[in-house]
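Asks: Model the following, please.
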Amino acid sequence: MRRLKLFPIQRALLRMLQRLTSQEIRHKIVWLCWCDLMCGVDPCFWLERLASQPDEALYLWLGDR
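Replies: As a prediction, this is how the structure comes out:
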């Protein structure tokens with residue numbers, strides 16, 4: 001992400017990944033982030049919003065996504 005100059009997204013993604021313990025959920029978050037980037041959507045909004053949410057809210061959001 002450094003080459004793409006997406007530092008806010010990088011920081012938000014790292015914060016999110018540091019708090020997650022499930023490797024499966026980590027992989028899903030990374031894939032969704034890249035999917036949004038490829039589609040031209042800024043994933044920083046949902047990364048920052050979900051970083052402070054409890055795990056249950058994150059799992060529900062992933063299910064809806």
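Asks: Break down the chain into its helices, ranges please.
Replies: Taking DSSP state H, the helices of the chain run over residues 7-19, 23-38, 44-51, 55-64.
Asks: Which other helices and strands does the third one contact?
Replies: Applying 3 or more CB pairs under 8 Å, 6 or more residues apart in numbering; DSSP states H and E, one finds that helix 44-51 makes contact with helix 7-19, helix 23-38, helix 55-64. C-beta here means a position set from N, CA and C on the backbone, and glycine is covered the same way.
Asks: List the buried residues of the helix or strand of the chain with the lowest mean pLDDT.
Replies: Ranked by mean pLDDT, DSSP states H and E, the weakest helix or strand in the chain is helix 44-51, scoring a mean of 81. Neighbour counts over helix 44-51 (16 or more other CB atoms under 10 Å) mark C44, W46, L47, E48, L50, A51 as buried.
Asks: for these, which one is nearest L58?
Replies: Nearest to L58 out of those is L50 (CB to CB; 5.6 Å).
Asks: Local confidence estimate at the residue nearest to that closest one when sequence neighbours are not counted?
Replies: In space, and not counting its chain neighbours, L50 is closest to L58: 5.6 Å by CB to CB, 6 or more residues apart in numbering. What the model reports for L58 is a pLDDT of 85.
Asks: hang on, isn't L58 packed against I25?
Replies: Yes - the pair L58 / I25 is scored as a contact, 7.2 Å apart, by CB atoms under 8 Å.
Asks: tell me the contacts of the residue nearest to L50?
Replies: L20, I25, L50 (CB atoms under 8 Å, 6 or more residues apart in numbering).
Asks: could you check the distance from it over to L13?
Replies: L58 is 14 Å from L13, where distance means CB to CB, to the nearest Å.
Asks: Then E24?
Replies: In this view, E24 and L13 are 16 Å apart by CB to CB.
Asks: So between those two, which is more surrounded?
Replies: Neighbours were counted for E24 and for L13 using other CB atoms under 10 Å; L13 has more, 22 against 9.
Asks: so I29 sits right up against L17, yeah?
Replies: Yes - the pair I29 / L17 is scored as a contact, 6.7 Å apart, by CB under 8 Å.
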